[in-house]
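S.K.: Predicted model, plus sequence, below.
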Amino acid sequence: MVKFKKTCIATLSLFLIISVSAQARVVSELVVKEIGLHTEGRKDKTEEIACKVFRPTKEQLIRYFNLAKESKESGNILHEYYSPCLATGLIKFEDGDSGSWILQSSGFGYVTFSNKETTYFFHNQDNQWTDPYACTYGLGDDPIC
């Protein structure tokens, strides 16, 4: 029994160390430049009208970037969660990295850092902004829809 407890404590400690180091970045500054945009070059009036309701607040955007998963590749997420509705701005993280960001209403976005590297971000759970294309992404099997 004692050996079992020690094993459980060691496993739990290792899990906590790994999960803390795997947390997303923390935003130190965020500037919102534009919201309610639609993809440039598309002449779809329906999209233009629909995207006007995508108006995330600064607080919602900070929460998004603090919770989002990061990747150096967009993979299938870009295609499965494409939305023509955009917001843009500038961001600085506590680790000193900074750059410009573009976010789609779906919760897919990216940051182009000052060193010209791009990192993709994705978080689509409880973002609290209005997404005019909610329930149209991926396979459409989201239980919330």
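M.R.: Great, that's in hand. Being a predicted model, the structure only gives us computed values, none of them experimental.
S.K.: what residue ranges in this protein score low on pLDDT?
M.R.: Per-residue confidence for the chain (pLDDT under 70) gives these ranges: 1-24, 41-42, 138-145.
S.K.: change it to 80
M.R.: Within the chain, the segments meeting pLDDT under 80 span 1-24, 40-44, 75-76, 78-79, 138-145.
S.K.: which residue ranges form the strands in it?
M.R.: For the chain, applying DSSP state E gives strands covering 27-38, 69-71, 85-93, 98-104, 108-113, 118-122.
S.K.: so which of these gets nearest residue 134?
M.R.: strand 85-93 (10.6 Å; C-beta to C-beta). In this view, the C-beta of every residue, glycine as well, is placed from N, C-alpha and C.
S.K.: Pull the contacting residues for the residue nearest to residue 57 when sequence neighbours are not counted.
M.R.: Using C-beta to C-beta, 6 or more residues apart in numbering and skipping residues adjacent in sequence, the residue nearest residue 57 is residue 129, 7.5 Å away. Going by C-beta atoms under 8 Å, 6 or more residues apart in numbering, residue 129 touches 54, 55, 56, 57, 60, 105.
S.K.: ok, so what distance separates residue 129 from residue 101?
M.R.: 15 Å (C-beta to C-beta, to the nearest Å).
S.K.: What number of neighbouring residues does residue 65 come out with?
M.R.: Applying other C-beta atoms under 10 Å, we find 21 residues neighbouring residue 65.
S.K.: what do you get for residue 130?
M.R.: By other C-beta under 10 Å, 15 other residues sit near residue 130.
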